[in-house]
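1. how would this look folded up:
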Amino acid sequence: MPRTTDRFARTHRPRLPGRAPLRLHVVAFAGGLLILVLGLVAWMVRGGPDTVEDVVFVLDLTIGGTILSTGALVGRARSQEGRRTVQLGVIQQAARRMTASLTSEDVGRVLVEETGRVIACHSARVYLLQAPDELVPVALDGQAGAYREVDPETLRTRIGEGLTGWAAQHRQPALVDDAAADPRGVTIAGTPRVDESMLVAPMLHDETLVGVITLCRLGLSQFDEDDLRLLSIMADQAATAFASASHLADAERLSTELRRLLEMSSALSRSLDPRAVADLMAEHLARAVGAGQAQISDWDAPRDRIRTLGCYPASIRPDIEDYYPLADFPQTRRVLEECLIAVVDAEDPDADPAEVAHLRSEGSRGLVMLPLVANGDAIGVVELTFAGRPEVDASRITLARTMAHEAAMALENARLYETARDLADRDPLTGFFNHRYLHERLSEEVVRATRYRRPLGVLMLDLDDFKLVNDTFGHVYGDRVLVHVAELIRSTIRASDVAARYGGDEFAVILPDTDRDAAMVVAERILAAFAATPFEAEGRQPFHIGTSIGVAGHPLDGRTATDLIAAADISLYEAKNLGGGRALAGTTTGLAHTDAAQPVDQPVHRETVAERFGRIPEPVRSPGGRDR
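-> Sure thing, here's the model as predicted:
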């Protein structure tokens, strides 16, 4: 209720259309009727007319009064008809304008403008229903005093609250002569009591509540039943216009969502790298729901953790851990295990403390988590972060869930491709990369080393006398030796180094950011590991495995992957020719060597198979003379 005074109410009342002609008709009718009565009374008082002139005079008064009275009645009827014609024209124009409006805000603005042309008022407000029961003003027009300064937030109400809420609850219009005295009314906090009349009418479309129109006018009994009828007609027209605008908005939103889904699907189809797919997913999901940040993670169930794959924006990636233990985030675990959507508000006292602490550490308030489901199982989680209250609008959540489902299939395909590619690139026995991958990766490292002027080292390893092991003990035993060798190599190199099985009993290691001298140090470390860790097998004595290593460095020994492998291979065979068990480096500036077995200037003693691998047991023969 606006702040005002009674004086203002008495001196600032708008003129209603058609009210002045109505008063003139009333005066004319009353005058005609008075003349008629006076004539009849004069006639009766004088005992009737004495002369013809008296008769004519009385007849003139009688006929004149009758004509004036009849004219007044006819004029009033015509005036009312004209007024209704004007009102009908205004309503038709309002209906056309509202129908042509594309948004709810446009419809509301047209409604308050056109209603003011039909019904005089100081304030017009249009409320729309916002689920579940909130009535939110979308348009308002104040014509006097504090009505012009009202804050829309103070006008928000609910179904059943105040006169506006009453009309929404009962779905009936109401004419209120004294709003302050009506028990259904609610006074806005901080405003004084004033004399105020109100009209309220619900907007219904197919029996569904759309909103409420509320008109206010200063003073008591300022509206009549005719005003209420007109407002009800306007409310019906507005309900249809609001429904049309809502349907149009839904269609546009659906079109936008389909376009976003198409754009995301098209972008995801261009990549089979899980991390690239996850980055694209994060960007499209964040933009679709208006989130400030997005993070895509997959579920490493055996280790009870989630692995970060992608994020948006890319600038936050350095601040995100690669792995998160699920034990620290029970709400995230529920999202994965139960495939449900979770909304976390840091201001909610019942929110998961772990998620709240994480949000506050990032300076955020809201979080929406959606599971990534493929083939009925959760494979990961989407985390959408908001600076303010988390978005829980049903349409946005539905869009996010649809996009997450589409993205989950793309991510699962990328993961399957990565697994297949990994199997194709790796040796199944040792878990090292294979010959093909070695050449591809070495070519990439050479380009990187050239571009950034960084060193690059390559090692080629070959086991000494390994053919004798296979020929003597069989290939199954030899495979166990190769697995042991792979573990030794893996234990001596960095995580950034790339180990590969080149073929048979040959291995190679790519050493990024490592010059030839540093590569020789790595080779010596591998030889020391071989010397310190003999191979043990059941039924046989432990024995040491010998190996020869060739070392090459970029750019001294070659500027291409092929040249580096060739240079390392030459050094390798030089080492083998010198008796094995050593590392050699360099083909352009002389050979540097490391001998883990014996000095070069001493004669080379070649061990027999029995000496190196222990006594060979006699074969067991069956009664038929066959070996088994």
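
2. mind listing the strands in the stretch 101-250 of the chain by residue range?
-> 123-130, 134-142, 157-158, 174-176, 196-205, 208-218 (DSSP state E, counting those that start in this stretch).

3. shaky segments in the stretch 301-450 of the chain?
-> 391-392, 418, 420-423 (pLDDT under 70).

4. Which of the strands of the stretch 101-250 of the chain sits closest to residue 374?
-> strand 123-130 (35.7 Å; C-beta to C-beta). All C-beta spots, glycine's among them, are computed from the backbone N, C-alpha and C.

5. Just the buried positions in the closest one, please.
-> 123-129 (16 or more other C-beta atoms under 10 Å).

6. same check, this time on stretch 419-436
-> 425-427, 430, 432-434.

7. for stretch 482-496, same thing?
-> 482, 484-486, 488-489, 492-493.

8. and if you look at stretch 353-361?
-> Buried, per 16+ other C-beta under 10 Å, within stretch 353-361: 355-356, 358-359.

9. Most widely separated two among those residues?
-> Farthest-apart pair in the buried residues of stretch 353-361 is 356 and 358; separation 7.3 Å (C-beta to C-beta).

10. What's the separation between residue 316 and residue 382?
-> For residue 316, the distance to residue 382 equals 15 Å [C-beta to C-beta, to the nearest Å].

11. Those two: which is more packed in?
-> Counted by other C-beta atoms under 10 Å, residue 316 and residue 382 do not tie: residue 382 has more neighbours, with 28 against 16.

12. next SSE after the strand or helix carrying the more buried one?
-> For residue 382, the host element (DSSP states H and E) is strand 377-386. Counting by DSSP H and E, the next helix or strand C-terminal to strand 377-386 is helix 394-425.

13. Off-centre distance for that next one?
-> Here the centre of helix 394-425 is set off from its chain's centre by 16 Å, with C-alpha atoms, centre = their mean, to the nearest Å.

14. For it, name the packing helices and strands.
-> helix 225-268, helix 274-289, strand 293-300, strand 366-374, strand 377-386 (3 or more C-beta pairs under 8 Å, 6 or more residues apart in numbering; DSSP states H and E).

15. Swap in 7 Å and give it another go.
-> Judged by 3 or more C-beta pairs under 7 Å, 6 or more residues apart in numbering; DSSP states H and E, helix 394-425 is in contact with helix 225-268, helix 274-289, strand 366-374, strand 377-386.

16. could you dump the ones you listed to JSON lines with distance to residue 515?
-> Below are the helices and strands packed on helix 394-425 laid out as JSON lines (distance: least, C-beta to C-beta, whole Å):
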{"stretch": "helix 225-268", "distance to residue 515": "41"}
{"stretch": "helix 274-289", "distance to residue 515": "31"}
{"stretch": "strand 366-374", "distance to residue 515": "44"}
{"stretch": "strand 377-386", "distance to residue 515": "41"}
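
17. Could you identify which of the ones you listed has the lowest mean pLDDT?
-> Per-stretch mean pLDDT for those is lowest at helix 225-268 (a mean of 76).

18. what about the nearest residue to residue 195 once chain neighbours are set aside, how many residues close to it?
-> Leaving aside its chain neighbours, residue 195 sits nearest to residue 220 (5.1 Å; criterion: C-beta to C-beta, 6 or more residues apart in numbering). Residue 220 is flanked by 15 other residues according to other C-beta under 10 Å.

19. Could you tell me how far residue 220 is located from residue 380?
-> Counting by C-beta to C-beta - residue 220 and residue 380 are separated by 66 Å.

20. repeat for residue 361
-> The value you get for residue 361 to residue 380, if C-beta to C-beta is used, is 22 Å.

21. Just the CA atoms of stretch 473-480, as PDB, please.
-> Output of stretch 473-480 as PDB, limited to C-alpha atoms (Å, rounded to 0.1, in the frame of the first residue of the first chain):
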ATOM      1  CA  PHE A 473      64.200 -73.800 -21.200                       C
ATOM      2  CA  GLY A 474      61.500 -73.000 -23.700                       C
ATOM      3  CA  HIS A 475      59.600 -69.900 -24.600                       C
ATOM      4  CA  VAL A 476      57.300 -69.900 -21.600                       C
ATOM      5  CA  TYR A 477      60.400 -69.700 -19.300                       C
ATOM      6  CA  GLY A 478      61.800 -67.000 -21.700                       C
ATOM      7  CA  ASP A 479      58.600 -65.000 -21.400                       C
ATOM      8  CA  ARG A 480      59.000 -64.900 -17.600                       C
END
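
22. Now do the buried residues in that stretch.
-> Buried, per 16+ other C-beta under 10 Å, within stretch 473-480: 473, 478.

23. what's in contact with that stretch?
-> 429, 469-470, 537 (C-beta atoms under 7 Å, 6 or more residues apart in numbering).

24. Just the ones of those residues in helices?
-> 469-470 (DSSP state H).

25. and the contacts of stretch 473-480, which are buried?
-> 469-470.

26. Only C-alpha atoms, please: export stretch 353-373 in PDB.
-> Provided in PDB are the C-alpha atoms of stretch 353-373 (Å, rounded to 0.1, in the frame of the first residue of the first chain):
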ATOM      1  CA  PRO A 353      29.800 -30.500   4.700                       C
ATOM      2  CA  ALA A 354      32.500 -31.900   2.400                       C
ATOM      3  CA  GLU A 355      30.900 -30.300  -0.700                       C
ATOM      4  CA  VAL A 356      30.200 -27.100   1.100                       C
ATOM      5  CA  ALA A 357      33.900 -26.800   2.200                       C
ATOM      6  CA  HIS A 358      35.000 -27.500  -1.300                       C
ATOM      7  CA  LEU A 359      32.700 -24.800  -2.800                       C
ATOM      8  CA  ARG A 360      33.800 -22.200  -0.300                       C
ATOM      9  CA  SER A 361      37.400 -23.000  -0.900                       C
ATOM     10  CA  GLU A 362      36.700 -22.000  -4.600                       C
ATOM     11  CA  GLY A 363      34.600 -19.000  -3.700                       C
ATOM     12  CA  SER A 364      31.400 -20.500  -5.100                       C
ATOM     13  CA  ARG A 365      28.000 -21.200  -3.700                       C
ATOM     14  CA  GLY A 366      26.100 -23.600  -5.800                       C
ATOM     15  CA  LEU A 367      26.900 -27.100  -7.300                       C
ATOM     16  CA  VAL A 368      24.800 -29.400  -9.500                       C
ATOM     17  CA  MET A 369      26.100 -32.900 -10.000                       C
ATOM     18  CA  LEU A 370      24.800 -35.200 -12.700                       C
ATOM     19  CA  PRO A 371      25.900 -38.800 -13.300                       C
ATOM     20  CA  LEU A 372      27.300 -39.800 -16.700                       C
ATOM     21  CA  VAL A 373      25.400 -43.000 -17.500                       C
END
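
27. Tell me the spatial nearest neighbour of residue 222, not counting adjacent residues.
-> residue 197 (4.0 Å).

28. Could you measure from residue 404 over to residue 335?
-> The value you get for residue 404 to residue 335, if C-beta to C-beta is used, is 11 Å.

29. hang on, the earlier thing: is it possible to get CSV of the buried residues of stretch 419-436 that adds distance to residue 134?
-> Listed next are the buried residues of stretch 419-436 as CSV, based on distance: C-beta to C-beta, whole Å:
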residue, distance to residue 134
425, 58
426, 59
427, 65
430, 66
432, 64
433, 61
434, 64
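
30. From the residues you listed, pick the one nearest residue 575.
-> For the buried residues of stretch 419-436, the nearest to residue 575 is residue 432 (20.8 Å; C-beta to C-beta).

31. Pretty sure the closest one sits against residue 486.
-> Yes: under the criterion of C-beta atoms under 7 Å, residue 432 makes contact with residue 486 at 5.9 Å.

32. Overlap in contacts, the two.
-> With C-beta under 7 Å, 6+ apart as the test, residue 432 and residue 486 reach no residue in common.

33. The stretch 451-600 of the chain: helices as residue ranges?
-> 466-473, 475-492, 516-532, 561-577 (DSSP state H, counting those that start in this stretch).
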